[in-house]
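>>> following is a predicted model, sequence given first.
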Amino acid sequence: VATAFVCPSLIEECIFRVLLFPAPSKFHSSVIFPPSSSPSSLRFVLLTHVAINTAVFTLYHLEPIFHTHQSNPLRHVFLSTPFLTLSATLSTTCALVYVHTRSLLASTVTHWIPVALWITFFPPESITPTNTTTAATNTKQLASDS
């Protein structure tokens, strides 16, 4: 869990927030929560950067080279809609934290907390394709029964 602070949290935040995102000094907190007189074009630029950053972050988490190889037992986890949705949500949250606080440490901690919780309480190895299929089947059956 402690190593998750460095990889993936710190490394991914350095890539996606520092290298691929405009400097936070270009966006101050009033852009995220602007007063009525603030220009909407700045907010549009910020949201465009966040959206593009989120898309790239989510595509990165498909990780076709590392995790989607046919022989990888965790392939189903990294290709699942819930995982990719959570990745997109986490990216958006980290980007907004980075812009608001202007701190790599704050966005890294924001990234690390859900990763640490996931590794601790729901390790990917415990999520088998059978469990996923059974859960989906049960959900469909409940929906058809009602």
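Happy to help now that I have it. Residues are numbered from 1 along each chain as shown.
>>> got the confidence number for the nearest residue to Leu74 once chain neighbours are set aside?
Ranked by CB to CB, 6 or more residues apart in numbering and with sequence neighbours excluded, the top spatial neighbour of Leu74 is Pro124, at 5.1 Å. For the C-beta atoms, the positions are set from N, CA and C on the backbone; glycine is no exception. At Pro124, the model reports a pLDDT of 72.
>>> Pro124: how many residues sit nearby?
Summarising burial for Pro124: neighbours were counted as other CB atoms under 10 Å, giving 14.
>>> what about this protein, any weak spots by pLDDT?
Along the chain, segments meeting pLDDT under 70 span 24-40, 63-70, 72, 128-146.
>>> report the separation between Leu79 and Ser41.
Per CB to CB, to the nearest Å, Leu79 is found 38 Å from Ser41.
>>> wait, I meant Pro73
For Pro73, the distance to Ser41 - CB to CB - is 48 Å.
>>> those two: who's more crowded?
Between Pro73 and Ser41, counting by other CB under 10 Å, Pro73 is the more crowded of the two (11 against 8).
>>> ok, the more buried one - contacts?
Glu125 (CB atoms under 8 Å, 6 or more residues apart in numbering).
>>> name the SS class of it, please.
Following DSSP: H, G, I helix; E, B strand; the rest coil, we place Pro73 in the coil state.
>>> and what of Ala116?
Three-state call for Ala116 (three-state DSSP): helix.
>>> please apply the same query to Val99.
helix.
>>> count the neighbours of Thr58 for me.
By other CB under 10 Å, the residues close to Thr58 number 19.
>>> pretty sure it contacts Leu90?
No: contact between Thr58 and Leu90 fails when scored by CB atoms under 8 Å: they sit 9.4 Å apart.
>>> neighbouring contacts of stretch 111-129?
Residues outside stretch 111-129 that contact it (CB under 8 Å, 6+ apart) are 1, 4-5, 8-10, 12-13, 73-74, 76-77, 86, 90, 94.
>>> buried members of these into PyMOL, please.
Buried subset of those, written as a PyMOL selection, criterion 16 or more other CB atoms under 10 Å:
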select buried, resi 4+5+9+10+12+13+76+77+90+94
